[in-house]
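Q: What follows is a predicted structure for the sequence shown.
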Amino acid sequence: MRVDDVVVALDVGGTGMKCALIRPDGTVLHAERHPTDAGRGAEAVIGTILAVADGLAGKARADGLTPTALGIVVPGVVDEARGVAVWSANVGFRDVPLRELASARLGLPTALGHDVRAGGLAEARLGAGRDAGHVLFVAIGTGIAAAHVVAGSAATGAHGAAGELGHILVRAGGPVCGCGRPGCLEAIASASAIARRYTRLAAGPAEADAGHESAPTGRGRATVTAAEVAARAAAGEPLASQVWREAVAALADGLATGQALFDVETIVLGGGLAQAGAGLFDPLRSALRDRLTFHREPRLVPAALGDEAGCLGAALLALDQLETT
């Protein structure tokens, strides 16, 4: 590729879009952020995606660069082969042929992918997993999802739904997950679940016993964030320490299952919860080690690319598609 070639990359979330012009070597030349405003409905979100992508391509040309491809990643279930956003609760998509729509609007080869798989691809090739051939990238935020990357390629699954590590059953009869089943990893160890459980327990026995933990906290209490729970646990607060230990234990169970299934060299943890640093990684490494028998212990490391991972992954998907076509 030529030195002035760039890829237009968009990482679309329920709240905002991270967008960039990226060189083939991963250098970010320009970055923007735009609100998604998913509440406006799917058609409006599609319009925003296409307008932002078109604007970025126009900026590239105005700066003397040549946009060669477009990469878009979205949450939910994505059929990458067909270029269809099958379903996403966060942005209201259902069977949206986004690749075709974007390619028609911009006249560029377009790749459509899943946001977490794209982040995992970027971490495996450019970030914390770049020296490993087998990587499991786990994003822990409002939910929990994963990407299994082998030799620089992320598995999509037969239906575009691979990597739903957050819906492994780890606690039978545990809190009800957003998917409707009790005891999923996401319902116990995600950042939102940690914050929810701490807030309910801090409200007292009546509130803690008043139904599912996914219910409103009541009593006018503001929800404490997972980061605040981590900080309070590090300071020795008993309740925060209890909630944190429960979450770490559940996460270790989920990662042990992942290691039994995938036998990776490196597990990369990303998302907001990974910002807890040693307060998460030290007890988690120990708990994971305790759960492994004949399985090899993976290297457990924090993500290196931050919130740029999705955009970088989108660019990599677009470049891969250029190579194959």
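A: Ah, there it is. Just so you know, these numbers come straight off a predicted model, no measurement behind them. Residues are numbered from 1 along each chain as shown.
Q: What residues of stretch 287-306 count as buried?
A: 287-288, 291, 298, 300-305 (16 or more other Cβ atoms under 10 Å). All C-beta spots, glycine's among them, are computed from the backbone N, C-alpha and C.
Q: Show me the two of these that sit farthest apart.
A: 291 and 305 (27.8 Å; Cβ to Cβ).
Q: I would like the residues contacting stretch 166-176, please.
A: Contact with stretch 166-176 is made by 143-146, 177, 179, 181-190, 193, 197, 212-214, 250, 253-254, 257-258, as judged by Cβ atoms under 8 Å, 6 or more residues apart in numbering.
Q: Check stretch 313-325 too.
A: Contacts of stretch 313-325 (Cβ under 8 Å, 6+ apart): 7-11, 20, 22, 24, 26, 68-73, 80, 109-113, 115, 117-122, 125-126.
Q: Kindly report the same for stretch 240-252.
A: With Cβ under 8 Å, 6+ apart, stretch 240-252 has contacts from 140, 170-171, 185, 188-189, 193-194, 197-198, 201, 229-230, 232-233, 279-280, 283-284, 287-288, 290-291.
Q: Now, of the residues you listed, which are buried?
A: Buried, going by 16+ other Cβ under 10 Å: 140, 170-171, 185, 188-189, 193-194, 197-198, 201, 229-230, 232-233, 280, 283-284, 287-288, 291, out of the contacts of stretch 240-252.
Q: can you tell me which of those are in strands?
A: Using DSSP state E, the members of the buried ones among the contacts of stretch 240-252 that fall in strands are residue 140.
Q: just checking, which of the buried ones among the contacts of stretch 240-252 belong to helices?
A: Mapping these onto helices (DSSP state H) picks out 188-189, 193-194, 197-198, 201, 229-230, 232-233, 280, 283-284, 287-288, 291.
Q: wait, what's in contact with residue 49?
A: Counting by Cβ under 8 Å, 6+ apart, residue 49 makes contact with 10, 12, 17, 72, 98, 102.
Q: Let's have those in JSON lines, adding neighbour count.
A: JSON lines is the format used below for the contacts of residue 49 (neighbours: other Cβ atoms under 10 Å):
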{"residue": "10", "neighbour count": "26"}
{"residue": "12", "neighbour count": "29"}
{"residue": "17", "neighbour count": "24"}
{"residue": "72", "neighbour count": "31"}
{"residue": "98", "neighbour count": "21"}
{"residue": "102", "neighbour count": "25"}
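Q: Nearest to residue 270 among the residues you listed?
A: residue 12 (17.2 Å).
Q: my guess is the closest one meets residue 76, correct?
A: No. Applying Cβ atoms under 8 Å as the test, residue 12 and residue 76 come out as separate, 10.1 Å apart.
Q: which residue sits closest to residue 270 in space, ignoring its chain neighbours?
A: residue 303 (3.4 Å; Cβ to Cβ, 6 or more residues apart in numbering).
Q: all strands of the stretch 201-325 of the chain, in order?
A: In the stretch 201-325 of the chain, the strands defined using DSSP state E, counting those that start in this stretch lie at 266-270, 299-302.
Q: contacts for the last one?
A: With Cβ under 8 Å, 6+ apart as the test, strand 299-302 has contacts from 128-129, 132, 255, 265-270, 274, 277, 281, 284-285, 288.
Q: For that strand, which strands pair with it and how are they oriented?
A: Sheet pairing of strand 299-302 (DSSP bridges) gives strand 266-270 (parallel).
Q: chain center to the partner strand: distance?
A: 11 Å (Cα atoms, centre = their mean, to the nearest Å).
Q: just the CA coordinates of that strand, formatted as PDB?
A: Taking C-alpha atoms only, strand 266-270 is exported to PDB below (Å, rounded to 0.1, in the frame of the first residue of the first chain):
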ATOM      1  CA  THR A 266      -2.300 -15.300  27.000                       C
ATOM      2  CA  ILE A 267      -5.500 -13.900  28.400                       C
ATOM      3  CA  VAL A 268      -5.800 -10.200  27.900                       C
ATOM      4  CA  LEU A 269      -8.300  -8.400  30.200                       C
ATOM      5  CA  GLY A 270      -9.800  -5.100  28.900                       C
END
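Q: pLDDT score for residue 90?
A: We have a pLDDT of 82 for residue 90.
Q: got it, and residue 252?
A: Residue 252 is assigned 98 on the pLDDT scale.
Q: same thing with the one 3 residues further on?
A: The model reports residue 255 with a pLDDT of 98.
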